[in-house]
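A.B. asks: Sharing a model prediction with you, sequence too.
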Amino acid sequence: MMENEPIIEVRQVNKSFGKNHVLRDFSMDVNQGENLVILGKSGSGKSVLIKCIIRLIDADSGSIKVLGNEINGLDQEPLDDLRSKIGFLFQSNALYDSMTVRQNLEFPLRIHWTKEERLKNGYSAVMEALTDVGLAHTIDMMPSELSGGMRKRIALARALILRPKVILYDEPTTGLDPVTGREISELMVSVQKKYNATSVIISHDMNCIRITSNRVIMLIEGRNYADDTFENLKKSNDPKIKEFFT
Ligand SMILES: Nc1ncnc2c1ncn2[C@@H]1O[C@H](COP(=O)(O)OP(=O)(O)OP(=O)(O)O)[C@@H](O)[C@H]1O
């Protein structure tokens with residue numbers, strides 16, 4: 001990867017489902033160390049975009065480079081290797097209810113580490129990730145014993161365990177009360193600082209966006225409609241932008 005090259009480079013991406021043309025020549029750059037928020041209405045294609053970035057779905061055309069790799073056409077092995085450098089925090093959390101917190105956090109290690117590595121460093125990796133989210137004491141608990149906000153933090157710890165260079169957040173504060181949402185947003189900022197990670201955050205929670213974003217891209221009608229700081233977008237007179245801030 002070249003120095004100063006964007007961590008994620010999306011160029012002219014199109015994606016349709018039948019007649020539903022979701023992404024239209026969508027382009028964006030995500031730079032090292034920034035928290036970029038993608039803001040758009042429900043159904044505008046934010047999740048589709050994130051899924052294209054990790055190739056959970058294939059774009060119809062265009063180019064997507066992640067950490068210097070063109071992901072379209074990448075074989076399974078290099079794709080798996082690339083995915084191990086990306087942490088995901090999806091809306092559903094998807095903690096395994098029948099596993100303890102520790103087993104949930106060990107799950108990515110089972111896929112990406114050897115048995116020897118796990119035996120040697122697994123416990124300290126789990127403890128450090130749990131400490132990062134302030135929940136070291138829950139290590140032997142079951143997800144059902146935790147509140148929604150705690151489960152979200154455990155899911156974040158699991159996303160952090162492989163020390164990802166990139167973290168993708170899909171509506172990280174949805175379903176949380178405002179105070180807990182704020183705590184999660186602040187945690188996202190401290191994680192960014194500690195690991196110098198690069199994040200892409202899908203959100204329509206204005207508090208979360210204000211707290212976490214270094215930059216906001218507005219996804220409107222499938223395009224990168226506006227790209228600016230939260231404060232500047234808030235001052236915009238463009239009706240399509242304004243409606244998000246009123
Ligand atoms: N696998 C799929 N098959 C068919 N259509 C899909 C598929 N995934 C997404 N879509 C369609 O693509 C459009 C964008 O969906 P997407 O989930 O990206 O929206 P979003 O911006 O993330 O919305 P929300 O904020 O509600 O999560 C929607 O019209 C959706 O119905």
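C.D. replies: Here it is on my side, so go on.

A.B. asks: switch to C-alpha atoms for all contacts and neighbour counts from now on
C.D. replies: OK.

A.B. asks: Helix, strand, or coil at L176?
C.D. replies: coil (DSSP: H, G, I helix; E, B strand; the rest coil).

A.B. asks: Let me know the pLDDT of it.
C.D. replies: pLDDT, L176: 86.

A.B. asks: State the distance from it to S16.
C.D. replies: 32 Å (Cα to Cα, to the nearest Å).

A.B. asks: same thing with L82?
C.D. replies: According to Cα to Cα, L82 stands 25 Å off from S16.

A.B. asks: ditto for F88
C.D. replies: Applying Cα to Cα to F88 and S16 gives a distance of 24 Å.

A.B. asks: Which of those two has more residues huddled nearby?
C.D. replies: F88 (22 against 14; other Cα atoms under 10 Å).

A.B. asks: quick one: that one and P172 touch, right?
C.D. replies: No. Taking contacts as Cα atoms under 8 Å, F88 lies outside contact range of P172: 10.3 Å.

A.B. asks: interface residues of the chain facing the ligand?
C.D. replies: 17, 22, 41-48 (Cα under 6 Å from any ligand atom).

A.B. asks: Which members of these are the farthest-apart pair?
C.D. replies: Farthest-apart pair in those is F17 and K41; separation 17.8 Å (Cα to Cα).

A.B. asks: Of the two, which one has the most company?
C.D. replies: K41 (14 against 9).

A.B. asks: who touches the more buried one in this structure?
C.D. replies: Contact analysis of K41 by Cα atoms under 8 Å, 6 or more residues apart in numbering lists 204, 219-220.

A.B. asks: same question, Q91
C.D. replies: 169-172, 174.

A.B. asks: ok, now which ones touch the most centrally placed residue in the chain?
C.D. replies: For the chain, the residue nearest the mean C-alpha position is L168 (1.2 Å; Cα atoms, centre = their mean). Going by Cα under 8 Å, 6+ apart, L168 touches 50, 86-90, 199-201.

A.B. asks: Per-residue pLDDT of M2, please?
C.D. replies: 61.

A.B. asks: Tell me where this structure has helices.
C.D. replies: 46-53, 76-83, 101-112, 115-132, 148-160, 178-195, 206-212, 230-234, 239-245 (DSSP state H).

A.B. asks: Mind giving me the packing neighbours of the last one?
C.D. replies: Here helix 239-245 touches helix 230-234, going by 3 or more Cα pairs under 8 Å, 6 or more residues apart in numbering; DSSP states H and E.

A.B. asks: what helices or strands is the helix it packs on leaning on?
C.D. replies: Using 3+ Cα pairs under 8 Å, 6+ apart: helix 230-234 touches helix 239-245.

A.B. asks: Distance from the helix it packs on to the middle of the chain?
C.D. replies: 24 Å (Cα atoms, centre = their mean, to the nearest Å).

A.B. asks: Next, the buried residues of that helix.
C.D. replies: Neighbour counts using 16 or more other Cα atoms under 10 Å place I241 of helix 239-245 among the buried residues.
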